[in-house]
Structure formats: structure tokens, C-alpha cells
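>>> model the following, please.
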Amino acid sequence: MTDPIRAFIEREGFLVLDGGLATELEALGCDLDDPLWSARALVDESEAIRTAHRRYLEAGADCIATATYQATFEGFAARGLDAAATVRILRDSVGLAISARADFLGGRVAPDRPPPGSRPPPLVAASIGPYGAYLADGSEYTGDYGLSAAELYDFHAPRWEVLAETEADVLACETTPSVEETRAYCRLAAVSHRPTWVSFQCRDGARLADGTPLETAVALCDAEPHVVAVGVNCVDPRLVAPLIRAARRTTKKPILAYPNSGEAWDAEAKRWMGPATPMDWARSAAEWRQEGADGVGGCCRVGPAEIAAIRGRAVSSQRSAT
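Next up, the predicted model:
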């Protein structure tokens, strides 16, 4: 198995992730008020997805995640799409990201961004959201499914099998709220022999959303060779530093951190509520790197401007170290 995450970090020293894909799709005018959320755009606004990917690449992202976070066979079946159509959509989602990357590497980038020739090719991560994302009821922030690891394995397996056969560089299990789902992902990674990262949703600076100590879940990932990185995402930025420290106590694998803006998701109102956490993204990225993060980006409510700030600090820090 080739490990694209470690190979990239060994060459560049740091990995800049993208920001919230749904956030940028909404900025482009997409209506995502739908149980499919960002996956809705795969059905009727695919060009907007390509544009969103390009914007993150132009902002300096070294890795872009596909629009498959909330794309499942069950979710598309509820929309009247059969299994064959879902397979095609999942494959096309990876194709959109690869196409955006190819265009970017062709040199058609914003004039105020680093030329693509000075960077290695960005990675494409096939995004896999938790069971709670399919439910679209906010339970990815609680992990309260009442399902076993075996049941979660059976739920995720069909989508996983399709994405594992694509040209995506890595599979990205995001916003993982429970230890049972972690076990399912580790087994799927082992069976598919595909490089995978598992990123966790946490209730505080030490525990997953379901209350499991982060170190317990990270230890499961550390023991599975095909899980090549761990991380935290869609958490309040104020929780990132202690979570990185907790993860680093348990693993030497790369750690990725991509928090949201600090706002809270209201599952009933279907919108983000409350104030964002005041942030200097460039400074915070440097601090998280010092804590042990190998890659930093953003999640919901974090857009290309924030990724550009992270990129600028990461590049300047790398140059000063050489």
C-alpha cells in the first residue's frame, strides 16, 4: 500500500487541507437545504462542485475532499435513484475533483497564488460521512445511533467499495463521533487495503461525541496499518490544541486538524447558530503545528480566504526552516 499522506508530508513538511465544501457551494448560490446536503449538488449542480474545488486549490489547498460526505445508496434511493445511478454519481464525484486538479495543474490559477509547478500535485480524498450524516438529524454530533460496529460496517460497505475502486488518493472518514463507527472504519480499511484517514467529532478537548476518550479511538486506528492518519474535524477551534495533544500521546501517525468556525449546528432549524470563534487562522495553524499537527484546514463555515491564510503561514514557516 502506498501512503500518500506520509509521502506528501515527508516531501513538503506540512499538508494544507481544504475548507468546507458545502460552505463554498452555498457561496456559489447552491441551495443545500436538503437531506442530501452537499451531495445534492452531485445530482444537479456538478459544475459548482468543480468550481468550489478549484477555489480551494487556488487558495493553496494540498488536498481536496469530494462531495460524497452525505452521499449514500440509501439517501439517493429516497430521491428515486437506483443503485446503478448511485454508483455513477459516486464515481463522478471523484472525477470532478480529479478534473479540477488537472485544470489547476494546467496552470490556469489566480495570479496572486503560488504557481502549481512549485508544489507537488494536490491529493484527492474521497469523503465518507458518518451514519448520522445520512440521518441528517445532527446525530453526527452525538454518535447516538444505537448501532453496533458490525451494523455500521454493513451500512458503509457499499459506498466504500465504490469509492475504493476510484482514483482517489485516500479515503477520508470524517466527523466520526463514536468508537463503534471507528471500529467499522478500521475493518473496512483493512478489507479494502486502501489508505484511509479517520477524523473525529469531539464533545470537548478529550472525548469523542459519544463520550469515548479520543485516545481509545486513536489507538484503534494506530493498530490498523491501512489507517494512515487520524484527525479532528468540525470541532470548535478552541478544542483543537488539546485534542492534538491527546492524539499525539497515542500515535506517531500524521494528525490532521480541520475545525469549523466555532458556530453550533441547530439540527431542528437546519442552520448554524451563535457567534463564530474569533480566529487568526494563520497564527492558529502555526500553533497547531507546534502541538503536533501535520496538516491543517477547515470544515463548515471555513472558506478559501481562511485556507489562503493557513497556506501563507505554512509556506513561510517552511521556508524559514530551510
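>>> so where is this protein shaky, pLDDT-wise?
Along the chain, the model assigns pLDDT under 70 to residues 37, 107-118, 265-272, 314-322.
>>> neighbours of residue 88, how many?
13 (other Cβ atoms under 10 Å). To be clear about C-beta, it is placed using only N, CA and C from the backbone, and glycine gets the same treatment.
>>> list the contacts for it?
If a contact means Cβ atoms under 8 Å, 6 or more residues apart in numbering, then residue 88 has no contacts.
>>> sticking with it, tell me its helix or strand.
helix 83-105 (DSSP states H and E).
>>> any idea how far that helix is from the chain center?
16 Å (Cα atoms, centre = their mean, to the nearest Å).
>>> against which helices or strands is the following helix or strand past that helix packed?
Counting by DSSP H and E, the next helix or strand C-terminal to helix 83-105 is strand 123-128. Counting contacts by 3 or more Cβ pairs under 8 Å, 6 or more residues apart in numbering; DSSP states H and E, strand 123-128 is packed against helix 4-12, strand 63-65, helix 83-105, helix 149-164, strand 170-176.
>>> now do strand 123-128 and helix 149-164, the angle between them.
Orientation of strand 123-128 against helix 149-164 (axes from the mean of the first three to the mean of the last three Cα atoms, to 10 degrees) gives an angle of 140 degrees.
>>> identify the residues contacting strand 123-128?
4-5, 8, 15, 21, 62-69, 93-94, 97-98, 101, 156, 159-160, 163, 166-174, 185, 197.
>>> now the buried members of those residues.
Buried members of the contacts of strand 123-128, scored by 16 or more other Cβ atoms under 10 Å, are 4-5, 8, 15, 21, 62-69, 93-94, 97-98, 101, 156, 159-160, 163, 166, 168-174, 185, 197.
>>> which residue ranges of the stretch 201-322 of the chain form helices?
Under the criterion DSSP state H, counting those that start in this stretch, the stretch 201-322 of the chain contains helices at 214-222, 240-248, 281-291, 304-321.
>>> how far does the second one sit from its chain's centre?
Between the mean C-alpha point of helix 240-248 and the mean C-alpha point of its chain there is a distance of 17 Å (Cα atoms, centre = their mean).
>>> which outside residues touch it?
200, 202, 205-206, 213-215, 218, 230-232, 235, 255, 257, 259, 284, 287-288, 291-293.
>>> TSV for the helices and strands packed on strand 123-128, including distance to residue 222?
Formatted as TSV, those follow (distance: least, Cβ to Cβ, whole Å):
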stretch	distance to residue 222
helix 4-12	14
strand 63-65	21
helix 83-105	27
helix 149-164	17
strand 170-176	15
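>>> for residue 133, which of these is the nearest?
Closest to residue 133 of the helices and strands packed on strand 123-128, according to Cβ to Cβ: strand 170-176, at 7.0 Å.
>>> quick one: that closest one to strand 123-128, angle?
Going by the same axes, to 10 degrees, strand 170-176 makes 50 degrees with strand 123-128.
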